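Enquirer: here is the input, now give the coordinates:
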Amino acid sequence: MNIVLSNIVGFFAAIIGSMGMGGGGILLMYISAFTDTPQLKAQGINLIFFIPIALISSILHIKNRLVNLKAALLVIIGGIPSALLGVYLSSLIGDNLLRKAFAVFLIFLGTREIITAFKKKTDA
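Expert: Model prediction:
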């Protein structure tokens, strides 16, 4: 693995992730596509990478009163068990199917974002 390229990708993924714009997707695509890391391990690396970034960003957003704490608590209550269930299920389906599911998910999200962008442009 090229350490310089990995550092550059990590740097930009951290900046984008701290802005809430999906830096994790960039990091995960890089790890999955350009290294021999299995998909489940790549997702674990991605989670570990973003815990400190999410913590710092959350503290700053709470300090600037940009977080609805009641809504955040509801999301956390549902999110933790869902994340645990997702990890368990992803370990059952195997690396090859997990890669394909992730690719389909990214294609779906990308397509949705493009369609949404064009709709906003024509509505304006």
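Enquirer: can you point out the buried residues in the helix ranked longest in the chain?
Expert: Longest helix in the chain, counting residues (DSSP state H): helix 95-123. Going by neighbour count (16 or more other C-beta atoms under 10 Å), the buried part of helix 95-123 is 95, 98-99, 102. Any C-beta I mention is one placed from the backbone N, CA and C, and that applies to glycine too.
Enquirer: among those, which one sits closest to residue 86?
Expert: residue 98 (10.7 Å; C-beta to C-beta).
Enquirer: okay, that closest one and residue 32: tell me how far apart.
Expert: Here the criterion is C-beta to C-beta, to the nearest Å. By it, residue 98 lies 10 Å from residue 32.
Enquirer: still on that earlier bit, centre of the chain to the longest helix of the chain, how far?
Expert: Distance, stretch centre to chain centre, for helix 95-123: 14 Å (C-alpha atoms, centre = their mean, to the nearest Å).
Enquirer: do stretch 108-124 as well
Expert: For stretch 108-124 - counting by C-alpha atoms, centre = their mean - the centre lies 20 Å from the chain centre.
Enquirer: which residues in this protein form helices?
Expert: According to DSSP H, the helices that the chain contains are 3-18, 23-34, 39-63, 69-93, 95-123.
Enquirer: quick one: contacts of the first one?
Expert: Outside of helix 3-18, the residues within contact range by C-beta atoms under 8 Å, 6 or more residues apart in numbering are 22-24, 26-27, 30, 34, 49-50, 53-54, 56-57.
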